Every structure is written in C-alpha cells, then in structure tokens.
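Asker: This is a predicted model, with the sequence first.
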Amino acid sequence: MTNKPAAKIAVIGGGFSGVSAAKELLDNQDVNAVVHIFDQGGRGPGGRSSHRRIKVCEQESGSCITGIVIPDDDRINPNDSEVLDFDHGCQFFRVESEEFKNEYVNKWINKGFAAKWNGKFLNTKSKSNDLNDEILFFGFSSKCEMYCGVGGMHTICRKIVSECEEVYCKENKFKCFRATRVKDILRKKKQYELFATTGKAALHDTAESESKILENTVSLGLFDGIIITDASASFENWHRASCGIRRIGGDFVNEVSKRPRVPLFTCMVAFEKPISSIDFDYDGISFDLGKGAKENNNILWFACCNGSKPGFSDKRCWTLVSTPEYCINEIQRETMQDKITGEFKPQTNEYLNGPLGPSQTMFKAFQNQVKKITGNTNFLFPKVIYIQSQRWGSAFPSPLPIHKSHLREILGVTYNLLPRLQKIEKTEESYRERQQWKDFVVHDEQLLYYAGDYCSSRQPGPEAAVLSGVAAARDLITRIDGYYDDTGKRKL
C-alpha cells in the first residue's frame, strides 16, 4: 500500500461501470483511494440494470389493481403473492471476452451474484437458434449463453457495493449515496467541489414543478478526481441527469454526447396467474426489426417471463421491450424537453398508461404476437393485475459501425432507429470506426473521466460497461502520482 495521502475520488453513477470503477480503485494496492459513489436512483445502485418490486394494492372500486414500488434490496418470500418482481432495464448479459469471463463473471457466479438463464427462447425472425453473421441485439443464439443477476439484474451492482461497504466503510474509505443527483461541479485549484440535489427532488421521474419546490442544493465536498458513468450526464444542462461537467471544461464529453442513442420503452405486466398453454411455453421471445416486423407494427423487440430467471419462481410477471423505432416515434410525439421553456419533461403515468400510451400499445402488440405464435386467434390471457411502462431515453449507445440512414434527430439529440450488432471487425468500415474509440474518455489536463458502454467500441451492455469502468480507474491510478510532490503534499 502506498504511503501517499488518500486521493478522494467521486464516481457519478452506480451502474455496472460505476461500481466496477469504485471497486478497482479500492482494491488496487498502488493507490490510497477514498471513493464516494453518487447515484440518482432512490432504491439504490443498478443504473440501467434496474429492478422494480411492486406491492399490489387493490383500489376501493375493486375493479382496478394498482401497486406501489417497495425496496428491492432483500430477497422476498416466494409465496408472497402480493409482491411482483420485474427486471425493467437490462434483461440479461452475454460474455464475449475471456477477460470479462474469467475476471468477473466466473467470480460473480461462484459468489452467487449471477447465474446462467436457462430458459426456453424463441427468435421469431429465424424460428431457430442459429448464429448469423449479423444478429439483432435481442436475437438468441445457441452458441451464446445468457446470464442474469440472481434475484434481479440489479443485484450484481448491489452485491459489489455491499462488498465494498463491508471491507472499506470501517476505514472511512467508501460510501455510496442513494437519491443523490450531482447537478454542478466547480473547479478549485486541483480539486473539484460537487453540488447535488438529494431526496425526491433528485429522482428522474419527479415532476418538474414538484422538483423545483423540493430542490435542495448541498455540497458533497472536495474531490481530487471524478469518474462519470451515468449515460445521461453528457447531456446539456436542460436534462435532469446533467451533472454540470461542461462548466469546468467538460467539452471532452462531446464525443460521448454526440454518439447516437438507442431509446427503448419497457412495459411491466403481471397476470392474475401464469400464462398456461401447450403452444406457448417460452420464457423469452425476440421479435424481428425493420421490414420483417410489419405484423408487429415495429412495436415489440423482446419479451420475457421474469419468473424464469435465476432466483425467481413467480411466472405471472412479464417485461416487454419496445423497438427503438417505436420509442423514437413516441419521443417525437411526447418530447423529453419542453419545446417552449426548454425544461426537462419527466414521463407521467397519465401518458405512459393512457389509452394510447406505451403500456396499452405494447401489451396489445404482445397479445397479437402470442396469438400469432400459437396460431390461436382466440387465445385467452389471464386477467392483468398490474401494468406500468418506463421510458429509457439512453437505453444503450448505437452499436458500431453507425449507419447514418438509420438516424433521426429530435431537439438536438440523435437516435438510432435500427441498431444492429455485427461481429467485431466484421468489415473494414467497422474496424476503422472501432479504432477511434477507447474504453473511456479522459480530460488531457485534469483527472476527469467518462466511462461506460457509451465510451466503448465493444458491443453495448454490462461487459462494455464493466471493462470501461475498470480501465478508467486503472488509468486514473497511473496519473494520480503527478498530483503530489516528493513530500506527499498535494500540488496546487
């Protein structure tokens, strides 16, 4: 362990990239680091691998079932029929590199954090599990194993944070702050002072009017370096997740903010009892995109039964994932930024769950697809007891290479309607474009980093996020020595 004074590092965002960066900084013996994670989520770390646990509440009329979101840190009693569990962000992850497999995934499996998802899957495009040269992002392959967090995708990030807390909290070297939205950063000599909004005002979906009333600005203290991992932090200041990085020379994030985004809706649907049919016994379904999805009206991309995943048994709960094209059309119709005031517009339940909103539209598309798969136009679904959708404006970055014909710009943000993942270096064009991307972005003169799959040339998802966060942390460790003189004092 180095004898130099502790370097205090702020990590903005508690998803796969953020928690991996934090753990690397803490575990590395070449640096004496104090690490604070600031995560906007109210229920805890997880980022885009979010999970939602719902306690069912029946309204007085008796005809409508609603639910309230409850804490999801602990495992639940599998016999509690009033509790519903959904992965409503990232649904699973794959392993592409030996580094990710050996250094991370195998260890997660051995610790019980993750496990293979051994479900029965269908790809409606190919009707098979053959691996093509070009595959859809949610396409399934018999040659590509899928993994999930045990008890929800969020549990991997939560367990990593718990490990850090157990080892480093007693030494005051680590803290993880929930419901803390970094809103501004000020440069003070060679350090940074971070300011945040906390509590309900920090949450992404709190109404703008309510957020302004509740808003409280607190100083989070001084830090020597910052690793930003929130996918939306590179937005201009109108966006609620913007952390104010541009005030201190944060133009280095432009290459991140300019990368086209793939937006998605997810819809959580719970039935009174599991869907039961000899002709429909799938745990996950991947639907075609583009011209092959006319019968689907380009609405659904993926659907899965949450109860088929490791750590769950309740097969009443399904998560539906929209196509990017459907989400982009909705963003065009119901923008994320007010066209007059320029303010951020949180999604509302009136819009999400209304008659023409994403919840009902996606569920009707799912019903039609199940009827098509079974060949039974009279297929009867169990009663729906809960339905709720969520918009992910930055679900994942546009895969490389980026085809300009698939792009659409809305209020200054570029989206990809038809993202397709190709094998690494499949074409010369793909190779050249990937060479321009590293695993992270760093300011040349300051300890400012941006990490995550939005910085990576790897295929989007947890693997790119983890390896990006670790790479940024390792690079920071090599640079931090230059911030101290020979006596161990911080240079001014």
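Answerer: Right, received. Where do you want to start?
Asker: Kindly list the longest helix within this protein.
Answerer: helix 462-480 (DSSP state H).
Asker: Quick check: mean pLDDT of it?
Answerer: In this model, helix 462-480 carries a mean pLDDT of 94.
Asker: tell me which residues in that helix are buried?
Answerer: For helix 462-480, burial by neighbour count (16 or more other C-beta atoms under 10 Å) applies to 462-477, 480. (Glycine included, C-beta is placed from N, CA and C.)
Asker: Check whether the nearest residue to Ile299 once chain neighbours are set aside sits in a helix, strand or coil.
Answerer: Excluding the flanking residues, the one nearest Ile299 by C-beta to C-beta, 6 or more residues apart in numbering is Ala365, at 4.0 Å. Counting by DSSP: H, G, I helix; E, B strand; the rest coil, the backbone at Ala365 sits in helix.
Asker: Look at Ala365 and say how many residues are nearby.
Answerer: By the criterion of other C-beta atoms under 10 Å, Ala365 has 24 neighbours.
Asker: per-residue pLDDT, it?
Answerer: We have a pLDDT of 95 for Ala365.
Asker: Just want to check the distance between it and Pro419.
Answerer: Using C-beta to C-beta, to the nearest Å, Ala365 is found at 19 Å from Pro419.
Asker: export stretch 219-234 as PDB, just CAs?
Answerer: Written as PDB, here are the backbone C-alpha positions of stretch 219-234 (Å, rounded to 0.1, in the frame of the first residue of the first chain):
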ATOM      1  CA  SER A 219     -22.100  20.400  -1.100                       C
ATOM      2  CA  LEU A 220     -20.800  16.900  -1.400                       C
ATOM      3  CA  GLY A 221     -17.200  18.100  -0.600                       C
ATOM      4  CA  LEU A 222     -13.900  18.300  -2.400                       C
ATOM      5  CA  PHE A 223     -12.500  15.600  -4.700                       C
ATOM      6  CA  ASP A 224      -9.300  15.000  -6.500                       C
ATOM      7  CA  GLY A 225     -10.800  13.200  -9.400                       C
ATOM      8  CA  ILE A 226     -14.100  12.300 -11.000                       C
ATOM      9  CA  ILE A 227     -15.300   9.300 -13.000                       C
ATOM     10  CA  ILE A 228     -18.600  10.000 -14.600                       C
ATOM     11  CA  THR A 229     -20.600   6.800 -15.600                       C
ATOM     12  CA  ASP A 230     -24.200   8.000 -15.900                       C
ATOM     13  CA  ALA A 231     -25.200   7.600 -19.500                       C
ATOM     14  CA  SER A 232     -27.200  10.800 -19.500                       C
ATOM     15  CA  ALA A 233     -24.700  13.000 -17.700                       C
ATOM     16  CA  SER A 234     -23.200  14.200 -21.000                       C
END
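Asker: domains in this structure, as residue ranges please.
Answerer: What automatic domain parsing lists as the domains of the chain is 1-46+154-259+437-492, 55-96+114-152+261-397.
Asker: related to what we said a few turns ago, helices or strands next to the longest helix of the chain in the packing?
Answerer: Under the contact definition 3 or more C-beta pairs under 8 Å, 6 or more residues apart in numbering; DSSP states H and E, helix 462-480 sits against helix 16-27, helix 98-100, strand 225-228, strand 440-442, strand 448-451.
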